[in-house]
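Asks: missing the sequence, but the structure's below:
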């Protein structure tokens, strides 16, 4: 039986290295069930690069974090991504100050 795992990666202004990171994960023998990449305020081309991969790989999700969100609130939001369907966690996006920017 193959292992099942989830990856959560914080990211901010990583355009220079983002393709290497993405390629490293998507070329693994066993892919993650879910990879949540957390946008913590991009000011470079990182979102464009992420969008390319999100469109190709259904297990990658990008979440935009509002800097006003507390860590506890944000972790609660990540919990909903991991354990609920998109329709269930989608209704909580505004409450927790985060925006699902790509899928």
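Replies: Happy to help now that I have it. Bear in mind the structure is a predicted one, so any value in this text is a computation, not a measurement. Residues are numbered from 1 along each chain as shown.
Asks: ranges for the helices of the protein?
Replies: For the chain, applying DSSP state H gives helices covering 15-26, 46-56, 71-83, 86-90.
Asks: pick out the shakiest of the ones you listed, pLDDT-wise.
Replies: Among the helices of the chain, helix 86-90 has the lowest mean pLDDT, at a mean of 49.
Asks: tell me, how many residues neighbour the closest residue to residue 8 other than its chain neighbours?
Replies: Nearest non-adjacent residue to residue 8, counting by C-beta to C-beta, 6 or more residues apart in numbering: residue 36, 4.8 Å away. For the C-beta atoms, the positions are set from N, CA and C on the backbone; glycine is no exception. Residues lying near residue 36 (other C-beta atoms under 10 Å) number 20.
Asks: and residue 36, how far from residue 42?
Replies: 15 Å (C-beta to C-beta, to the nearest Å).
Asks: what's the answer for residue 31, then?
Replies: Counting by C-beta to C-beta, the gap from residue 31 to residue 42 is 24 Å.
Asks: so what's the closest residue to residue 57 other than its chain neighbours up against?
Replies: Nearest residue to residue 57 in three dimensions, chain neighbours excluded: residue 26, at 5.8 Å (C-beta to C-beta, 6+ apart). Residue 26 makes contacts with 53, 56-57, as judged by C-beta atoms under 8 Å, 6 or more residues apart in numbering.
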